[in-house]
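*Asks:* the following block contains a protein sequence and its predicted model.
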Amino acid sequence: MVDELEEKPGEGLNLQQYVDVIRRRHMYFLIPFFLGWLVVWSASWVLPSRYRSGTLILVEQPSMPKDYVTPNVTDDLQARLQSITQQILSRTRLLHIIDELNLYAPNKGRLNPDELVERMRKDIEIELVRDARNQITSFNVYYSSHDPHIAQQVTGELTNLFISENLELRQQKSEDTTKFLEQQLETARQTLAEQEEKVRAYKDQHLGELPTQLNSNLQILSGLQSQLQSEEDGLNADRQQNAYLQSMLEQSRTLQRTTKSGDGGPVGIPALDQQLDNLKAQLADLSSHYTDRHPDVRKVKDEIAKVEKTREQALADLKTGAATTSGNSNSPESTPDLDSRDGPGSIQLQGQLKANQIDITGKEHAIADLKAKINEYQGRLNQEPVREQQFADLTRGYEQSKANYDELLRKKNSSQMATSMELLQQGEHFQMIDPPSLPLKPDFPNRLKFCGIGLGVGIALGGLLAGGTEFLDDRLYSEKALKELLPVTVISEIPAITTLEEDRKQEKRIWISWAATGIVFATILVGSAISYLRG
């Protein structure tokens, strides 16, 4: 009969059927439900409590504007935080904290130092806080422990380590950057000094041939050429003067040889001049004593007239002789030697001629020196393109070294300012917003959460047991199912006949069920309230 019922397609359960199942199987559900919740809830009170202390560390930007002081530590903050975290979570640091605060005292006997360090690392948590641009603005430091005061102390120690390590790391990097720039600057200074020495040696070696001296060389060459022209003009004039003096000397000597006085005294133009002077002096003396009609005065005047006439004739003859001898007396070497028979006029002409010859010799030497200097400066000007290329190669290296030195000097000064800023803690630094909190409720286990988990576990167990019992029960509990099994149609039904005792038992079971349900839910509510209040 049961097989026949299973072969018929089911029509599904209606609401009344669910109610009937709950009425029949509520204890199968209620007991596992309560036991499951009770086990999980009790476990939340049995597990050791762990308290979690935390603090927020803000990443403060540099207080100095970047236009005034440019930081020389520009690494990525996240990378720096990872580096600092690795240093803080190192074995040496954590063992120092464990020994200082006597952490994990009950476990020190059975755990080695590496296991203690690994356990402490699991108890530490670093949480980054980012803004809308995905930039790190702050981060949280958490530490979990069975003692809330220990959790607070360790969190404070970790926070101090983060702040101090960040300052030390930035200061160290800033100082390393400054030292590196100082080393590079010293190398650049030596290179620049070598370049300066090369330029200085080149200037000393090619003094006067440098491209910067082109204009001065042109001016000096122009001045030398003008001076040479002036000296040559002066030499030509001196040579003409020399020829004239030589002709005058020859004429004077010729006149002295052709005209002699009666007593063999000196004649010629100088003698006539001397005689004329004597007569004029005698006339002046007579005029002071006598009048112009005095015979002596008239006699002296006649002699003066004769001497003047003779002098004029001698000058005419002298000019005529100079024209014939001028072609043979153009060089200073043709000057006759001094003659003891020369008169005062000839001696004077010879002195002038000798001075003229000295001037000619000086001008010739000056012209030779000027021509040598002109050739020298023309050689400098001819070498100017070669020197310009050589000097350009030297100065190019010098300018590059100078620019590199100036740039490194600027960077070094800027790095020194940034280092001073870091030492004064004016750069990017970590600031603790609030001191580590003292946890009042344990972070684990979360008893209210465990209470909810217990409810879920109880519902699953109760539903599984009640559903399994109903599924395995092959008894019929509905009239409809029974009618479907009968081969004939049911004409009438006999109602169930129960005794008073059976009704009382049934009613008692109902009250017991409701009381048990009330007790279970009341117990769950009380447990949940305790879990919420005591956490």
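*Replies:* Arrived safely.

*Asks:* give me the next element, helix or strand, following the top helix by length along the chain.
*Replies:* Ordering each helix of the chain by length in residues (DSSP state H) puts helix 344-423 first. Next along the chain after helix 344-423, taking DSSP states H and E as the criterion, comes strand 429-432.

*Asks:* give the buried residues for that following strand.
*Replies:* 429-430, 432 (16 or more other CB atoms under 10 Å). The way it works is simple: take the backbone N, C-alpha and C, and place the C-beta from them, glycine included.

*Asks:* likewise for stretch 382-395?
*Replies:* Using 16+ other CB under 10 Å as the test for burial, stretch 382-395 gives 384, 387, 390-391, 394-395.

*Asks:* go on, stretch 122-133?
*Replies:* 123-124, 126.

*Asks:* which of the residues you listed lies closest to Tyr405?
*Replies:* For the buried residues of stretch 122-133, the residue nearest Tyr405 by CB to CB is Ile126; the value is 44.8 Å.

*Asks:* quick check on that closest one: phi, psi?
*Replies:* Here is the backbone geometry of Ile126 (degrees, to the nearest 10): phi -120, psi 120.

*Asks:* where does Glu233 land in three-state SS?
*Replies:* Rather than Glu, residue 233 is Asp. Following DSSP: H, G, I helix; E, B strand; the rest coil, the label given to Asp233 is helix.

*Asks:* state the pLDDT value of it.
*Replies:* According to the prediction, Asp233 has pLDDT 86.

*Asks:* that one: neighbour count?
*Replies:* 11 (other CB atoms under 10 Å).

*Asks:* do Gln350 as well
*Replies:* 20.

*Asks:* just the helices in the stretch 401-535 of the chain please.
*Replies:* 447-472, 479-485, 500-534 (DSSP state H, counting those that start in this stretch).

*Asks:* which one of these is the most hemmed in?
*Replies:* Ranked by mean neighbour count, these are led by helix 447-472 with a mean of 17 (mean count of other CB atoms under 10 Å).

*Asks:* from the contact counts, what lies against it?
*Replies:* helix 15-46, helix 500-534 (3 or more CB pairs under 8 Å, 6 or more residues apart in numbering; DSSP states H and E).

*Asks:* now do it against helix 500-534, angle only.
*Replies:* If you take axes from the mean of the first three to the mean of the last three CA atoms, to 10 degrees, helix 447-472 sits at 150 degrees to helix 500-534.

*Asks:* thinking again about what came up before, for the helices and strands packed on helix 447-472, give me JSON lines that also has mean pLDDT and distance to Leu224.
*Replies:* Formatted as JSON lines, these follow (pLDDT from 0 to 100; distance: least, CB to CB, whole Å):
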{"stretch": "helix 15-46", "mean pLDDT": "81", "distance to Leu224": "113"}
{"stretch": "helix 500-534", "mean pLDDT": "84", "distance to Leu224": "113"}
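
*Asks:* next, format these as a markdown table and append distance to Gln357.
*Replies:* Formatted as a markdown table, those follow (distance: least, CB to CB, whole Å):
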| stretch | distance to Gln357 |
| --- | --- |
| helix 15-46 | 136 |
| helix 500-534 | 136 |
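
*Asks:* which residues does the closest residue to Ile136 other than its chain neighbours contact?
*Replies:* In space, and not counting its chain neighbours, Ile136 is closest to Leu77: 5.1 Å by CB to CB, 6 or more residues apart in numbering. Shown in contact with Leu77 (CB atoms under 8 Å, 6 or more residues apart in numbering): 59, 136, 428.

*Asks:* try Lys411
*Replies:* So Lys411 contacts Leu181 (CB under 8 Å, 6+ apart).

*Asks:* contact partners for the nearest residue to Tyr28 once chain neighbours are set aside?
*Replies:* Closest residue in space to Tyr28, ignoring its immediate chain neighbours: Ala466 at 4.2 Å, by CB to CB, 6+ apart. Each residue near Ala466 by CB under 8 Å, 6+ apart is listed here: 21, 25-26, 28-29, 32.

*Asks:* quick revisit: what would the buried residues of strand 429-432 look like in TSV with pLDDT?
*Replies:* As requested, these are arranged in TSV below (pLDDT from 0 to 100):
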residue	pLDDT
His429	78
Phe430	85
Met432	87
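
*Asks:* in TSV, list the residues you listed along with distance to Leu353.
*Replies:* What follows is the buried residues of strand 429-432, written out as TSV (distance: CB to CB, whole Å):
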residue	distance to Leu353
His429	101
Phe430	106
Met432	112
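
*Asks:* tell me the one of those nearest Gln350?
*Replies:* Using CB to CB, these come closest to Gln350 at His429, 104.5 Å.

*Asks:* any idea what that closest one is bridged to?
*Replies:* Beta-bridge partners for His429, by DSSP bridges, are Glu60.

*Asks:* in three-state terms, how would Val141 be classified?
*Replies:* Reduced to three states by three-state DSSP, Val141 is strand.

*Asks:* that one is in contact with Ile126, isn't it?
*Replies:* Yes - counting by CB atoms under 8 Å, Ile126 is a contact partner of Val141 at 6.2 Å.

*Asks:* between the helices and strands packed on helix 447-472, which one is nearest to Asp296?
*Replies:* The nearest among those, by CB to CB, is helix 500-534 at 171.6 Å.
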